[in-house]
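Chemist: What shape does this take:
(one chain, ligands or ions: 1)
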Amino acid sequence: MIDYKKLAGPELLRLDPYKPGKPMKEVQRESGVENVIKLASNENPIGPSPKALKALEEFLPEVSRYPLGDSYYLRRAVSEKFGVDMDEILCGAGSDEIIQLLYIAFLPKGTNAVAPFPSFSEYYIFAKSLRADCKWVPVREDFSIDFGAVLKAVDENTRFVFLANPNNPTGLAFGEKELTDFLDRLRPDVMVVMDEAYIEFAERPDMPDSVKLMKKYKNLLVMRTFSKAYGLASMRCGFLLADKECIDVVQRVRPPFNVSMAAQVMAEAALGDDAHIDKVVAQNAEGRNYIYGELKKMGVEYVPTEANFMLVKVGDGRRVFDELLKEGVITRFLGGEQLESYIRVSVGTAEENRIFAEKLAKVLGR
Ligand SMILES: Cc1ncc(COP(=O)(O)O)c(C=O)c1O
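Modeler: Numbers count the residues shown, from 1 in each chain. The predicted structure follows:
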C-alpha cells in the first residue's frame, strides 16, 4: 500500500489548491444562461496585438521542434525595450513559474518570504510547497501597505519581500518614494521582488521606475508578465529583470525548455506593438470610469483602482458573487476578514461592463 498523504506530509496537505476564476462553460451549464461573461481573472478583453497573432501563424509549421531554451530573441527584445543587459533577464512560463524558480533557487526549508496581505496567493502556496514559509502582513484598513509592519516581519531567515504594484486584489499602487524609503531601511541581502503584472494600467504619476532603481539597489528584482495588458494569458510568458548574478543562479534551476516557442514569438511581436498597448490601456480606463459611474448611481462603494480590476463593496460578498453567477456573470469572491463584503471584478468590453452593471443592480435590488 502506498499512502500518498503520508508521503506528502502535513504541511502540503494543509494547502488549498489555487482557485482560478470559474470557467465560462461550467457557469453556462449551471446557470442555463447562454451569454456568460467572465470578469474574474483580470484578462485583457481585447486580446493580443494582431502582430502577435501573425507571429503565431508564421510559427505553426515549426511546432515539432523544441523551443529555444534561453528565449534568446525574446530576451533581446526585452533588453532593447528596457535598457537592461541580456544576462539580467530570465523568461518564464508566466510570473507563476518565475516565482517558483526564485523560490527553488533561494528559499530552502527554514527560510521565508514576506508579503502584504491580501495579495497574490501564489507567493504563499509556492513557498509552502517547498516546505518554506511566507509571512503575510495585513494591509491597513484602507488597503494601503503598512511598510513599517512589513519591515518588522522581516527576520534573519527572510529571503524575499514580494510587492505587487499595483496589488491584486486591491488594485492599489504605491509610489517611488515609499519604495525607496523601504529599500533604504531593509537589510540589503533580502530580495525585493516588484511584481508589476498590472503596471501598464497604472496612472499615478509617481509609480516607481523599478528598472532604473535596480541600478542602485542590487537586491531589487522586477517581474513582468504578458498575461495582462499584452493579452497572452494562455501562452504563459513573463520575465524577470535582476542583477546578473541572481539570474545566473536562477538559470541553474530553470527547466531547459520552460517557455514554449509559440509564447516566445508572440511575446516578442507583442512587445513591438506599443500602439496596441495604448489602445488596451485607454479602453480599460474608459471601462473602469464607466463602472465607477454606474456604481455611484447605485450608491455602491468601490476601491479606486490602478489596474484592470476593482474591489466593489457589495455587502455580503459571497451571496452577491453567487447571485451574479446565476445571472451568468463570473466575478471573484476572495473572502477572509478584510474582503468578506467585497467582490473583485475585472474591467471587460463595453458590453460586458454594461451587463455587469445591469446584473449587479438587479442582484442588489437598486
Ligand atoms: C499580482 C499577480 N502576479 C502574478 C500573476 C501571475 O501571472 P502570470 O499569468 O504571468 O503567471 C498574477 C495573476 O493573476 C497576479 O495577479
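
Chemist: and L90, what does it touch?
Modeler: Each residue near L90 by Cβ atoms under 8 Å, 6 or more residues apart in numbering is listed here: 98, 101, 239-240, 242, 247, 250-251, 254. (Each C-beta comes from the backbone N, C-alpha and C, glycine too.)

Chemist: Just the buried ones from the residues you listed?
Modeler: 98, 101, 239-240, 242, 247, 250, 254 (16 or more other Cβ atoms under 10 Å).

Chemist: Now, those residues that are in strands?
Modeler: 239-240 (DSSP state E).

Chemist: Determine which two of the buried ones among the contacts of L90 are furthest apart.
Modeler: Taking Cβ to Cβ, the two most distant members of these are A242 and R254; they sit 13.1 Å apart.

Chemist: Report how many residues lie close to V190.
Modeler: 17 (other Cβ atoms under 10 Å).

Chemist: pretty sure it contacts N219?
Modeler: Yes - using Cβ atoms under 8 Å, V190 makes contact with N219 at a distance of 6.3 Å.

Chemist: Just want the residue of this protein that's nearest the ligand.
Modeler: The chain approaches the ligand most closely through G94 (2.7 Å), counting by Cβ to the nearest ligand atom.

Chemist: what's the neighbour count on the closest residue to that residue other than its chain neighbours?
Modeler: For G94, ignoring the flanking residues on the chain, the nearest one in space by Cβ to Cβ, 6 or more residues apart in numbering is R236 at 4.4 Å. Using other Cβ under 10 Å, R236 has 21 neighbouring residues.

Chemist: and R236, what are its phi and psi?
Modeler: Here is the backbone geometry of R236 (degrees, to the nearest 10): phi 60, psi 80.

Chemist: if we can go back for a sec, cross the contacts of L90 against helices and list the overlap.
Modeler: When DSSP state H defines the helices, the subset of the contacts of L90 inside them is 98, 101, 247, 250-251.

Chemist: Redo the residues you listed as a markdown table? Include distance to F201 and pLDDT.
Modeler: Formatted as a markdown table, the ones in helices among the contacts of L90 follow (distance: Cβ to Cβ, whole Å; pLDDT from 0 to 100):
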| residue | distance to F201 | pLDDT |
| --- | --- | --- |
| I98 | 20 | 98 |
| L101 | 26 | 98 |
| I247 | 27 | 98 |
| V250 | 27 | 98 |
| Q251 | 30 | 97 |
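
Chemist: Past the helix or strand bottoming out on mean pLDDT in the chain, which element shows up next along the chain?
Modeler: In the chain, no helix or strand scores lower on mean pLDDT, DSSP states H and E than helix 24-31, which sits at a mean of 85. Helices and strands here follow DSSP states H and E; after helix 24-31, the next one along the chain is strand 37-38.

Chemist: that older thread, of the contacts of L90, closest to E200?
Modeler: For those, the nearest to E200 is F239 (14.1 Å; Cβ to Cβ).

Chemist: residues near the closest residue to that closest one other than its chain neighbours, how many?
Modeler: Of all residues not flanking F239 in the chain, C91 sits nearest, at 4.8 Å (Cβ to Cβ, 6+ apart). Other residues within reach of C91, judged by other Cβ under 10 Å, total 24.

Chemist: now C91, what's its secondary structure?
Modeler: State at C91, reduced to three classes by DSSP: H, G, I helix; E, B strand; the rest coil: strand.

Chemist: which residues does the residue lying closest to M194 once chain neighbours are set aside contact?
Modeler: Nearest-residue entry for M194: S210, 4.5 Å, with adjacent residues in sequence omitted and distances by Cβ to Cβ, 6+ apart. By Cβ under 8 Å, 6+ apart, the contact list for S210 reads 179, 194, 196, 220, 222.

Chemist: Neighbours of the third one, how many?
Modeler: Pointing back at E196 there. So E196, with other Cβ under 10 Å, has 25 neighbours.

Chemist: is it true that it touches M223?
Modeler: Yes - between E196 and M223 there is a contact under Cβ under 8 Å: 6.4 Å.

Chemist: Which residue, neighbours along the chain excluded, lies closest to S41?
Modeler: G21 (4.2 Å).

Chemist: dump the residue contacts of that neighbour.
Modeler: 38, 40-41, 330, 332.

Chemist: so which strand or helix has it?
Modeler: G21 belongs to no helix or strand, assigned by DSSP H and E.

Chemist: if we can go back for a sec, dump the ones in helices among the contacts of L90 to JSON lines, plus distance to Y342.
Modeler: Shown next, in JSON lines, are the ones in helices among the contacts of L90 (distance: Cβ to Cβ, whole Å):
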{"residue": "I98", "distance to Y342": "28"}
{"residue": "L101", "distance to Y342": "32"}
{"residue": "I247", "distance to Y342": "38"}
{"residue": "V250", "distance to Y342": "35"}
{"residue": "Q251", "distance to Y342": "40"}
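
Chemist: Can you pick out the most distant pair from the residues you listed?
Modeler: So, the ones in helices among the contacts of L90 by Cβ to Cβ: farthest apart are I98 and Q251, at 12.1 Å.
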